[in-house]
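In: just need the structure, nothing else, for what follows:
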Amino acid sequence: MPELLFEILSEEIPARMQVRAGKDLSKALTAGLEKAGLTVEQVQVLTGPRRLTFVADVPLRSPDVSEERKGPRVGSPERALEGFMKAAGLTDISEAEIRTDPKKGEFYVAVMESAGRDTSDILAELIPEVMNNFPWPKSMKSAGSNFRWVRPLRGLLVLLDGALVDIEVGGIKSGNTTVGHRRHGPGPFVVSDFTTYQSQLEHAGHVVLSHAARKEIIQSKASDLCKAQGLELVEDEGLLNEVAGLTEWPVVLLGDMDADFLNLPDEVIRLTLKSHQKTFTVRDPKTGKLAPHYIIVANQVAPDGGEAIKSGNGKVISARLSDAVFFQTEDRKKNLIDYYDQLDTVVFHKKLGTIRDKAERVAALARELAPKVGADPDAAEYAAKLAKCDLVTQTVIEATSLQGQIGRLMYEAEGGNAAIATAIEEHYKPQGPSEPVPSEPVAIAVALADKLDTLVGFWAIDEKPTGSKDPFALRRAALGVVRIILENGVRLDLGKILPDRVFYLLNSLADKHSSELTRAQSVLSSRGFDDAARDLDEQVFNETYAEAWKTDESTGQGQVLTTGRDLLAFILDRLKVYLRDQGIRHDIIDAALTDGQDDLVAIVNRVTALQDFLGTDEGENLLAGYKRAANILKAEAKKGDLPEGDANRPTDEHGAALFDALNHAKPEISKALAAEDYASAMTSLAGLRIPIDAFFTHSQIISDDTAVKENNLRLLGLMRDTARQIADFEAIQG
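Out: Purely as a prediction, here's the structure:
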């Protein structure tokens, strides 16, 4: 099949955007070509600092298409015929064929023939459309054109079966040439197909086209270089991806630094080298400690063997590490807790107070949660107070990604409790779906308290996520709560905890607000501004807190409970997402997640047991019987009110057997559910399969005898209510 080769050349594309851009380009072009009727095979996408390359096999022309559109019957009203002709593109009904159906008689059929198109013409329309609508996170205009691209566009190469396809985008016309490395192989290079394109660039052009290949080169050469010196590379997948996106022709060098810098914490050294110079740290495999060297990935083969590059990197790294030494020295002149009062100088949110206000709330909640997770309450409370203290240290102000880590190191240097030190670092976790959750009890208590306080706070001031917007990462916080609870088996009554925390939050904010207002009013009154003092009280209170307290009359409890329930529903939505990612069917989740449930561990146990049960023959047949009963009850309810009261024991054999089975199973299921023995509950429910099947097979449910019919409907109601103890089976599909 003919080959399509398409290259977009530009100024340097940010490393973090390259791989995603390659996927977006492949998706858009493949979808557009297939929509035009073309078969797309052997798709390959290559990404680099200055180019995106798409290669695929496509036919030279799309196929002719013949489509039939069935129309109205012969003799139909004029308006029906007009609508059919308009939709089919006919000018007269005589252009349609008349066909005969034995049952429906004669009817019109429009046969629409569409001629295929040259692929070059399709590309001439598709490529500008794709590029003009490309989903860059950020883009820019250049060269006086309205066209936007991530960086100024420099060239387009579009070849189909070796022939140039004429295209113009953003003032750049397509050609059959490309360029290589800026220094080692600028070109230009004339291209006839992908083989010559790849060969010329990867040899004379000094450009490694594949992102994956550049990663492999860097990883391999860095490991070999370290091994030759008796060292070991400290792996960093994120940094490896980044430097592979910064270099077209990666050259690996080993640099040196002053060994005195190794007195700094490893985390500080790694971050400094990574963030400022994109260099990897190395360690001594015998001791496991960092060595006074680092790996540089250059984008050229330097004439001096890289000595100038190493020297330049060394000067910058030394300066940055010297700054880090100064910050560390200054920070450690005080103990970590001594920074606590300074947290009052950092605003968490204008309506939720300072970081210290948050720390006070988190400490109180951590103490409350501690017994539920097996943690010491005093340790949990103290850890929560320490957890944010490093935010006002100079080291973290300079390198914010070290928050938590610096606090742990400072507290450990003081000889502090190991569990508290772990909680200081891990209370931010998990910050992503793949990051491990805290597992130590004190860390669990503080991490849960921190995330729950964040959620409660933003719910109380009505700053919830909307659509795709989530500026405060509240979905991530809620998913973190779900994962911490489930992966540690924590049993929490969220239905009580959440409204209690809303109430606590509003009270604490109101208390602080009141004291601050009093001071402000005193200043205003002392200067003779009594009216302004009164206005300040009303204005600030109304803008900040009154809305959150607006409830039935005076206590504020109504709104507090509503906010708590609303937040619980949000957390349960995150639970559903988590369970779907674990392979649980969405309809089973909805069926098992009934009103009033707030223990996430119990919910997951119930959902898992239900999915396992429905995967058995007993489960499938019982579900069918339940749905049949529910449908009969719905149908009868439409005719009038269903009979009230309890069912009597039917006189017929099969009805009596079902009655006895239900009256035996219902309390057994209730008892098993109370003990959270979901397997036993499902076993009791499964025991109903045979009597239910027999009842539907041998009994006349809607009997001519009104009394029998009504009792049968009550029996179906009992069957429905018995099953609903476990789940809402009507929500289950199938």
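In: who touches residue 333 in this structure?
Out: Applying CB atoms under 8 Å, 6 or more residues apart in numbering to residue 333 gives no contacts. To be clear about C-beta, it is placed using only N, CA and C from the backbone, and glycine gets the same treatment.
In: export stretch 205-214 to CSV, keeping only CA atoms.
Out: C-alpha atoms of stretch 205-214 as CSV (Å, rounded to 0.1, in the frame of the first residue of the first chain):
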residue,chain,number,x,y,z
GLY,A,205,21.4,14.7,10.2
HIS,A,206,22.3,13.5,13.8
VAL,A,207,18.7,13.3,14.8
VAL,A,208,17.3,10.3,16.7
LEU,A,209,13.7,10.5,15.7
SER,A,210,12.0,8.3,18.3
HIS,A,211,11.4,9.5,21.8
ALA,A,212,11.6,5.9,23.1
ALA,A,213,14.9,5.4,21.3
ARG,A,214,16.4,8.6,22.8
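In: now it: how far from the chain's centre is it?
Out: 31 Å (CA atoms, centre = their mean, to the nearest Å).
In: and that stretch, what's buried?
Out: Of the residues in stretch 205-214, 205, 206, 207, 208, 209, 210, 211, 214 count as buried by neighbour count, 16 or more other CB atoms under 10 Å.
In: so where's the chain shaky on pLDDT?
Out: Within the chain, the ranges that satisfy pLDDT under 70 run 510-558, 595, 734.
In: the domain parsing of it - what is it?
Out: According to automatic domain parsing, the chain comprises the domains 3-61+118-202, 65-114, 211-331, 605-731.
In: now the end-to-end length of the longest one.
Out: Between the opening and closing residues of domain 3-61+118-202 there is a gap of 20 Å (CA to CA, to the nearest Å).
In: please apply the same query to the shortest one.
Out: Taking CA to CA, the first and last residues of domain 65-114 lie 5 Å apart.
In: begin at 255 from now on, thanks
Out: That works, and once the first residue is 255, the last one we named lands at domain 319-368.
In: run the chain-centre distance for that domain.
Out: Centre to centre, stretch against its chain (CA atoms, centre = their mean), the figure for domain 319-368 is 49 Å.
In: what do you get for stretch 940-959?
Out: The mean C-alpha position of stretch 940-959 is separated from the chain mean by 47 Å, CA atoms, centre = their mean.
In: then stretch 733-741?
Out: With CA atoms, centre = their mean, you get 14 Å for stretch 733-741.
In: do the same with stretch 829-847
Out: 16 Å.
In: contacts for that stretch?
Out: Contacts of stretch 829-847 (CB under 8 Å, 6+ apart): 687, 733, 736-737, 740, 826, 854, 857-858, 860-862, 864-865, 868, 980-987.
In: if we can go back for a sec, let's have the domains of the chain in TSV, adding distance to residue 752.
Out: Shown next, in TSV, are these (distance: least, CB to CB, whole Å):
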stretch	distance to residue 752
domain 257-315+372-456	35
domain 319-368	55
domain 465-585	35
domain 859-985	21
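In: closest to residue 625 out of those?
Out: With CB to CB, the closest approach to residue 625 among the domains of the chain belongs to domain 859-985: 20.0 Å.
In: nearest to residue 593, out of the domains of the chain?
Out: In terms of CB to CB, the element of the domains of the chain nearest to residue 593 is domain 465-585, at 8.5 Å.
In: re the thing from before, among the domains of the chain, which is nearest residue 659?
Out: domain 465-585 (4.8 Å).
In: and the closest one, how far out from the chain middle?
Out: Taking CA atoms, centre = their mean, one finds the center of domain 465-585 at 32 Å from the center of the full chain.
In: can you tell me the distance between the two ends of it?
Out: Across its full length, domain 465-585 reaches 41 Å between end residues, using CA to CA.
In: related to what we said a few turns ago, so for residue 822, which of the domains of the chain sits nearest?
Out: For those, proximity to residue 822 was assessed by CB to CB; domain 859-985 is nearest, at 16.7 Å.
In: and the closest one, end to end?
Out: 18 Å.
In: who wins for proximity to residue 708 among the domains of the chain?
Out: Proximity to residue 708 (CB to CB) singles out domain 465-585 among those, at 24.4 Å.
In: wait, a helix at residue 525?
Out: Yes - using DSSP: H, G, I helix; E, B strand; the rest coil, the assignment for residue 525 is a helix.
In: any idea how many residues pack against the residue nearest to it when sequence neighbours are not counted?
Out: Nearest residue to residue 525 in three dimensions, chain neighbours excluded: residue 653, at 5.4 Å (CB to CB, 6 or more residues apart in numbering). For residue 653, the count of nearby residues is 21 (other CB atoms under 10 Å).
In: I figured residue 653 was touching residue 524, is that so?
Out: No - using CB atoms under 8 Å, residue 653 and residue 524 do not qualify as a contacting pair, with a distance of 10.5 Å.
In: beta partners for residue 487?
Out: Residue 487 forms beta bridges with residue 536, as assigned by DSSP bridges.
In: now intersect the contacts of stretch 829-847 with the helices, please.
Out: The members of those that map onto helices under DSSP state H are 733, 736-737, 740, 826, 854, 857-858, 860-862, 864-865, 868.
In: for those, give me TSV that also has distance to residue 667 and neighbour count.
Out: As requested, the ones in helices among the contacts of stretch 829-847 are arranged in TSV below (distance: CB to CB, whole Å; neighbours: other CB atoms under 10 Å):
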residue	distance to residue 667	neighbour count
733	34	22
736	35	23
737	31	21
740	35	18
826	42	18
854	37	24
857	43	20
858	41	21
860	47	24
861	46	24
862	45	16
864	51	25
865	50	19
868	56	21
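In: pretty sure residue 575 is in a helix, no?
Out: Yes - looking at residue 575 with three-state DSSP, it is inside a helix.
In: which helices and strands does the strand or helix carrying residue 466 pack with?
Out: Using DSSP states H and E, residue 466 sits within helix 465-482. Under the contact definition 3 or more CB pairs under 8 Å, 6 or more residues apart in numbering; DSSP states H and E, helix 465-482 sits against helix 269-289, strand 486-487, helix 491-500, strand 505-510, strand 544-552.
In: give me the contacts around it.
Out: So helix 465-482 is in contact with 272-273, 276, 300-302, 462, 486-487, 494-495, 497-499, 501-502, 504, 506-508, 534, 536, 549, 551, going by CB under 8 Å, 6+ apart.
In: likewise stretch 322-329?
Out: Against stretch 322-329 from outside (CB under 8 Å, 6+ apart): 334-335, 338, 341-342, 350, 352, 358-366.
In: now do 10 Å
Out: For stretch 322-329, contacts defined as CB atoms under 10 Å, 6 or more residues apart in numbering pick out 333-335, 337-339, 341-344, 347, 350-355, 358-366.
In: give the contact list for residue 985.
Out: Residues in contact with residue 985 (CB under 10 Å, 6+ apart) are 840, 841, 842, 843, 844, 845, 846, 847, 848.
In: excluding covalently adjacent residues, which one is nearest to residue 377?
Out: Using CB to CB, 6+ apart and skipping the chain neighbours, the partner closest in space to residue 377 is residue 419 (5.2 Å).
In: what is the neighbour count of that neighbour?
Out: Neighbour count for residue 419, taken as other CB under 10 Å: 23.
In: what sits against it?
Out: 258-260, 372-378, 381, 410-413, 428, 430.
In: doesn't residue 547 make contact with residue 536?
Out: Yes - because the distance of 5.1 Å satisfies CB atoms under 10 Å, residue 536 is recorded as touching residue 547.
In: between these two, what contacts are shared?
Out: Joint contacts of residue 536 and residue 547 (CB under 10 Å, 6+ apart) are 479, 480, 483, 485, 508, 509.
In: which of those are buried? Put it as a PyMOL command.
Out: Per 16+ other CB under 10 Å, the buried members of these correspond to this PyMOL selection:
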select buried, resi 479+480+485+508+509
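In: reformat the shared contacts of residue 536 and residue 547 as TSV; add distance to residue 607.
Out: Below are the shared contacts of residue 536 and residue 547 laid out as TSV (distance: CB to CB, whole Å):
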residue	distance to residue 607
479	52
480	49
483	53
485	49
508	50
509	46
